[in-house]
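Student: Mind looking at a prediction? Sequence and model below.
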Amino acid sequence: MPASRGPSFADRPWVAYLCALAAVIVATLLRLAIQPLVGNAIPFLTYFAAALLIAWHFGWWPAALCVALSILPGTYFFLNPGATLSLASDVAARAPVGGFMVAALGASYLLATVRKALRRARAAEQEQRRINQELIETNRDLEAFAFAASHDLREPLRTITTYSQLLTEAARGQSLIETGTAARVIIEATARMGHFLDDLLVYTRLNADTEEHAPEKVDLNVALAHAMQNLETAIRQTKALVSSSQLPFVSGHEVHFVQLFQNLIENAIKYSGERTPDIRITAERCGGEWRVAVRDNGIGIEAKYREQIFEVFKRLHGRQLPGTGIGLAICRRVVEGCGGRIWVESEPGRGSTFYFSLPWVEETVKTIAVAQTAD
């Protein structure tokens, strides 16, 4: 879900009416400049142009204000200099004023309508482009899923078939050792398949959750705490140190950010090598966004793989390390769905730092430092 941005400077209503006033002043100065050349002829020329300019950029109502403000200088300073401030007393002035008002208001309305239609057409075109891009990405995901179904799912199924046959033969021969080994391998294969399907379900549900539920303000400190609770066993077994500075509020869905932190921390633990995992999470304000960093001291990533790792079903280490190849793809979909981006900076043997940026939300940041060291 793209981040919602506030109105631009030009979109604020008071700016439109202030510009209408400024346009009348500029038109008056221009009319004074050409007074020696044209005299009292075409007194409303510059004001007519100003009204059209305001109508094109800001719409009909600011243009109507511009027309109304133009009547006084256009009539009393140019059409009938020296007249008193009573339009009814000057019959000769009423026809040009009425003509100007009708022409300016009509032309402004027409121009504003055309401009609005062009903007709607442009918005529809942009929306169509966005939908087409989503379709392209969906098709790409479907192709990747087809590849995974034919390879990643077939491998554990083949294992189950093979060891089921061995289990049958071992049962006939009443070999308890072979029977136990075959049963253990079958259980591990089905567990791998289950993890794969679970991650695949999470990945495919991210877009649906975003469309079905409105975004809310999420405290990243709470999301991180929940992610660490889910990883309590892995943190304790590896004696990992996970520390965090105070984290901000962002817009999105808490469950998605729990998945984001959980995948990043789990990867940091998984790819720590022989070292005790040391994971540090920080956040800083960068302009109109928050930038969160998840640093680890693991084995690192080569530069040529920094983009590839975020693709679905991509595993750099094959089956040497457990995993489904979907975790970082989930991270990217979560961040991009909130209008941000995610990337990694790393050197082999010197750890990795995963960064993700999210739009800034006006909310007091809770001072909650999360730190956990598993003994």
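Tutor: Ah, there it is.
Student: and this protein, what are its domains?
Tutor: As recorded under automatic domain parsing, the domains making up the chain are 9-126, 152-212, 215-375.
Student: averaging pLDDT over each of those domains, which comes out lowest?
Tutor: When those are ranked by mean pLDDT, domain 152-212 comes last with a mean of 66.
Student: can you give me the helices in this protein?
Tutor: Assigned by DSSP state H, the chain shows helices spanning 13-38, 45-58, 60-73, 91-151, 154-173, 176-212, 220-230, 232-238, 254-270, 327-337.
Student: Among these, which comes closest to Leu247?
Tutor: Closest to Leu247 of the helices of the chain is helix 220-230 (C-beta to C-beta; 3.7 Å). Every C-beta, even on glycine, is put in place using the N, C-alpha and C of the backbone.
Student: So which other helices or strands are in contact with the closest one?
Tutor: strand 241-244, helix 254-270 (3 or more C-beta pairs under 8 Å, 6 or more residues apart in numbering; DSSP states H and E).
Student: Pull out the buried residues from the first one.
Tutor: Counting neighbours by 16 or more other C-beta atoms under 10 Å, one finds that the buried residues in strand 241-244 are 241-242, 244.
Student: partners of it in the sheet?
Tutor: strand 278-286 (parallel), strand 371-373 (antiparallel) (DSSP bridges).
Student: Rebuild those as a markdown table, extending it with distance to Leu32 and mean neighbour count.
Tutor: Output for these, formatted as a markdown table (distance: least, C-beta to C-beta, whole Å; neighbours: other C-beta atoms under 10 Å):
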| stretch | distance to Leu32 | mean neighbour count |
| --- | --- | --- |
| strand 278-286 | 49 | 16 |
| strand 371-373 | 71 | 13 |
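Student: Nearest to Val102, out of those strands?
Tutor: Of the strands paired with strand 241-244, the one closest to Val102 (C-beta to C-beta) turns out to be strand 278-286, at 53.2 Å.
Student: Next, the angle from the closest one to helix 220-230.
Tutor: 160 degrees (axes from the mean of the first three to the mean of the last three C-alpha atoms, to 10 degrees).
Student: Around Gln126, count how many other residues there are.
Tutor: 10 (other C-beta atoms under 10 Å).
Student: ignore the last one, Leu220
Tutor: Quick note: Leu220 (other C-beta under 10 Å) scores 28 neighbours.
Student: what about the residue lying closest to Glu289 once chain neighbours are set aside, how many neighbours?
Tutor: Excluding the flanking residues, the one nearest Glu289 by C-beta to C-beta, 6 or more residues apart in numbering is Ser357, at 4.8 Å. By other C-beta under 10 Å, 19 other residues sit near Ser357.
Student: how deep is the closest residue to Ala103 other than its chain neighbours tucked in, by neighbour count?
Tutor: Nearest residue to Ala103, sequence neighbours excluded (C-beta to C-beta, 6+ apart): Phe48, at 6.9 Å. If you count neighbours by other C-beta under 10 Å, Phe48 ends up with 20.
Student: Also Ala268?
Tutor: That count, for Ala268 with other C-beta under 10 Å as the rule, works out to 24.
Student: Okay, the residue lying closest to Ile281 once chain neighbours are set aside and Leu231: tell me how far apart.
Tutor: Nearest residue to Ile281 in three dimensions, chain neighbours excluded: Ser244, at 4.1 Å (C-beta to C-beta, 6+ apart). Applying C-beta to C-beta, to the nearest Å, the value for Ser244 to Leu231 is 13 Å.
Student: what is in contact with the two at once?
Tutor: Here Ser244 and Leu231 have no joint contacts, going by C-beta atoms under 8 Å, 6 or more residues apart in numbering.
Student: follow-up on the earlier one: redo the buried residues of strand 241-244 as CSV? Include distance to Gln126.
Tutor: Shown next, in CSV, are these (distance: C-beta to C-beta, whole Å):
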residue, distance to Gln126
Leu241, 46
Val242, 41
Ser244, 38
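Student: circling back to that earlier point, now render the strands paired with strand 241-244 as a markdown table, adding distance to Leu135.
Tutor: Shown next, in a markdown table, are the strands paired with strand 241-244 (distance: least, C-beta to C-beta, whole Å):
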| stretch | distance to Leu135 |
| --- | --- |
| strand 278-286 | 32 |
| strand 371-373 | 43 |
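Student: doesn't Asn263 make contact with Phe356?
Tutor: No: using C-beta atoms under 8 Å, Phe356 is not in contact with Asn263, being 11.4 Å away.
Student: joint contacts of those two?
Tutor: With C-beta under 8 Å, 6+ apart, Phe356 and Asn263 have common neighbours Cys331.
Student: Any figure for the gap between the closest residue to Arg280 other than its chain neighbours and Gly339?
Tutor: Spatially, and ignoring its direct neighbours in sequence, Arg280 is nearest to Arg295 (4.7 Å; C-beta to C-beta, 6+ apart). Separation of Arg295 from Gly339 (C-beta to C-beta) stands at 24 Å.
Student: Equivalent analysis for Asn230, please.
Tutor: Distance of Asn230 to Gly339, computed by C-beta to C-beta: 26 Å.
Student: Also Phe249?
Tutor: Counting by C-beta to C-beta, the gap from Phe249 to Gly339 is 15 Å.
Student: Can you get me the start-to-end distance on stretch 234-247?
Tutor: Stretch 234-247 has an end-to-end distance of 23 Å (criterion: C-alpha to C-alpha, to the nearest Å).
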